[in-house]
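>>> quick one: sequence plus predicted model below, questions after.
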Amino acid sequence: MTGHPWVIVSIALTTAAAFLLALKILPGQEKAIKTRDVKHLAVYTGIFNLLWATVTVLMILRPGSTTGA
């Protein structure tokens, strides 16, 4: 079951989103509050949201699934 390509891609995207959140977004929030410069934070947050949207679509569509659900 975990050998399906869509599962592996979903895991990789989730890992990428977690690293992005931990390394760029959370520390960037503190800096954005202090400097009022939110442009970089907005870019990273947008990428984070695209990653999660892709994972969500993969989990719903489950490409190659034969269960019909």
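That came in fine, so what should we check first?

>>> any weak-confidence spans in the chain?
For the chain, the stretches with pLDDT under 70 are 1-2, 64-69.

>>> any idea which helix is longest in it?
Using DSSP state H, we find that the single longest helix of the chain is helix 39-61.

>>> now for that helix, which elements pack on it?
helix 5-20, helix 26-35 (3 or more Cβ pairs under 8 Å, 6 or more residues apart in numbering; DSSP states H and E). To be clear about C-beta, it is placed using only N, CA and C from the backbone, and glycine gets the same treatment.

>>> closest one to residue 62 among these?
Across those, residue 62 has its closest neighbour in helix 5-20 (6.2 Å, Cβ to Cβ).

>>> what angle sits between the closest one and helix 39-61?
160 degrees (axes from the mean of the first three to the mean of the last three Cα atoms, to 10 degrees).

>>> wait, what's in contact with residue 63?
With contact set as Cβ atoms under 8 Å, 6 or more residues apart in numbering, residue 63 has these partners: 5, 6.

>>> that one and residue 6, how far apart?
5 Å (Cβ to Cβ, to the nearest Å).
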